[in-house]
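1. curious how this folds, go ahead:
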Amino acid sequence: MKLLNMDEVLAKVTDFIKNEVKTEAIIGKPFKLGEFECVPVIRVGMGFGSGELEGEAVKAGHGDMGGAGAGIGMEPLGFLVSRGGEITFVNTKLNKGITAAFEKVPELIEKYMESRRHEKDAVPA
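-> Numbers count the residues shown, from 1 in each chain. Reported below is the predicted structural model:
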């Protein structure tokens with residue numbers, strides 16, 4: 001099995017992001033709803049990271065490893081709505097409820113991991 005080096009992995013991840021995120025994803029295609037012309041507006045976020053490691057392990061010996069990951073998130077913000085000569089923005093972003101709960105997830109994971117580290121340190125060897 002051929003292993004990719006980190007430069008190749010990052011190039012592939014970057015190409016994927018460039019090909020998948022298009023301008024159309026930020027301002028959507030207009031559509032009609034009765035006498036209203038609507039245009040969806042979406043926030044797009046993306047990121048990627050990578051790492052590699054080389055080292056010795058007691059049982060496994062010498063080893064090299066690496067990895068990369070990418071993520072793309074899209075959040076609907078609202079709609080530009082026109083009727084006649086009048087244009088308004090209809091906000092669909094939720095500030096409470098499930099959105100607020102999801103925003104707390106990283107903080108909760110960090111607190112959980114910290115408590116696990118304290119538990120591990122407290123266990124006698």
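2. when you work out contacts or count neighbours from here on, use the C-alpha atoms and nothing else.
-> OK.
3. tell me where the model's unsure across the protein.
-> Within the chain, the stretches with pLDDT under 70 are 1-6, 20-25, 94-105, 108, 123-125.
4. if we use 90, what do you get?
-> Residue ranges of the chain with pLDDT under 90: 1-29, 33-36, 40-79, 83-86, 88-125.
5. outline the domain layout of it.
-> According to automatic domain parsing, the chain comprises the domains 6-93, 94-125.
6. what sits opposite Arg43 in the beta ladder?
-> With DSSP bridges as the criterion, Arg43 is bridged to Glu75.
7. now the domains of the chain in CSV, with mean neighbour count?
-> Below are the domains of the chain laid out as CSV (neighbours: other Cα atoms under 10 Å):
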stretch, mean neighbour count
domain 6-93, 13
domain 94-125, 10
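8. now the helices for this protein?
-> In the chain, the segments counted as helices under DSSP state H are 6-20, 98-122.
9. wait, which of the ones you listed is closest to Glu56?
-> Each of the helices of the chain was scored for nearness to Glu56 using Cα to Cα, and the closest is helix 6-20 (19.7 Å).
10. for that closest one, give me every contacting residue.
-> Met46, Phe48, Ser50, Gly51, Glu52, Gly66, Gly67, Ala68, Gly69, Ala70, Ile72 (Cα atoms under 8 Å, 6 or more residues apart in numbering).
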